[in-house]
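>>> Sequence first, then the predicted structure:
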Amino acid sequence: MRLLVSVATPEEASAALTGGADVIDAKDPTFALGAVSSDVLRAIHAICARTRPVTAALGDVDDEAKVERAAAMMTDAGAMLVKVGFAGIADRARVSALLAAAVSGARARSDGGVVAVAYADADRVGSLAPPGFAEVAARAGAVGVLLDTADKDGPGLRMLMSLQALAEWVERAHDAGLLVALAGKLAAEDLAYVRDAGADIAGVRGAACEGGRTGRVSAERVRRLRTLCGAGAGLSGPAKAGHYVPPRSADSSASIWSAATIADVTREGSARGK
């Protein structure tokens, strides 16, 4: 399982890299899925110097034209994948339309992809509930899904879903051909739970920071978290950890998985899909 660390600044990106993070995620931590500016993203991308894949949050969206523009802008600024949430939207057709617009934007000037964000506490923000979410995401052209929490003052993922329920959700997403990331107030002691659920990637922010979520990323904390994620291969779990298969379509969305950086993140799963 790989480790994603959310960072707000180039300095935090440098600390995350020093600690061994596998994926650098640009995000404004004052919001659950807050977006940084394109200038900040470019600076973060420059720090990574093509040694790690960079992802970026776009926020919770409700307008197709706006999300299409935002996805194009952020992939152009260096994001390999952009994350899109749907707080306040529980209609599947509406989520699908917004995702399709994001996918169109991400592909406009690059081979970028979209990660659709579901919330384990969907009832708190009126978003589409996790059951069936992966299928909607796959049909709309997303390359991955992230299960997170919207309310950062509420319970974390481990408190909201049992291991069995989470493993079943991960397996359905893998069966749909999607990369699967899990986040949601994960602490160091939660990483074994996420790994056993079969996640390809564990996403953290607060656990990687001195001073909590709005503190600063610590290389030492990242190093410990990376160790707890274990090796990429040889993991076991009820949801077939690491069995990610790239998208089956022949369009440009599949080409991002040929890049060496992202292949390192999903090496064992990508090999299975070739």
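Looks like it arrived, so ask away.

>>> Quickly note the distance from G230 to R107.
33 Å (C-beta to C-beta, to the nearest Å). All C-beta spots, glycine's among them, are computed from the backbone N, C-alpha and C.

>>> So which of these two has more stuff around it?
The neighbour count for G230 versus R107, taken as other C-beta atoms under 10 Å, is higher for R107 (21 against 16).

>>> helix or strand for the more buried one, which one?
helix 92-108 (DSSP states H and E).

>>> where in the stretch 151-274 of the chain is pLDDT low?
231-274 (pLDDT under 70).

>>> Which stretches in it count as helices?
Remark: helices assigned in the stretch 151-274 of the chain by DSSP state H, counting those that start in this stretch are 157-160, 163-175, 191-196, 219-229, 260-265, 267-273.

>>> Make TSV out of those helices and add mean neighbour count and distance to D22.
Output for the helices of the stretch 151-274 of the chain, formatted as TSV (neighbours: other C-beta atoms under 10 Å; distance: least, C-beta to C-beta, whole Å):
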stretch	mean neighbour count	distance to D22
helix 157-160	19	19
helix 163-175	20	18
helix 191-196	21	13
helix 219-229	19	7
helix 260-265	17	5
helix 267-273	16	10
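
>>> Indicate which one of those is closest to G113.
Proximity to G113 (C-beta to C-beta) singles out helix 260-265 among the helices of the stretch 151-274 of the chain, at 9.1 Å.

>>> now V204, which residues is it bridged with?
Going by DSSP bridges, V204 is paired in beta bridges with V5.

>>> ok so, going back, what would the helices of the stretch 151-274 of the chain look like in TSV with distance to G112?
As requested, the helices of the stretch 151-274 of the chain are exported to TSV (distance: least, C-beta to C-beta, whole Å):
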stretch	distance to G112
helix 157-160	26
helix 163-175	20
helix 191-196	25
helix 219-229	25
helix 260-265	11
helix 267-273	17
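
>>> out of these, which comes closest to V23?
Checking the helices of the stretch 151-274 of the chain against V23 by C-beta to C-beta gives helix 260-265 as the closest, at 5.9 Å.

>>> distance of the nearest residue to M74 once chain neighbours are set aside from G112?
Nearest residue to M74, sequence neighbours excluded (C-beta to C-beta, 6 or more residues apart in numbering): A56, at 4.7 Å. As for A56, its distance to G112 is 10 Å (criterion: C-beta to C-beta).

>>> Can you give the distance of stretch 84-104 from its chain's centre?
16 Å (C-alpha atoms, centre = their mean, to the nearest Å).
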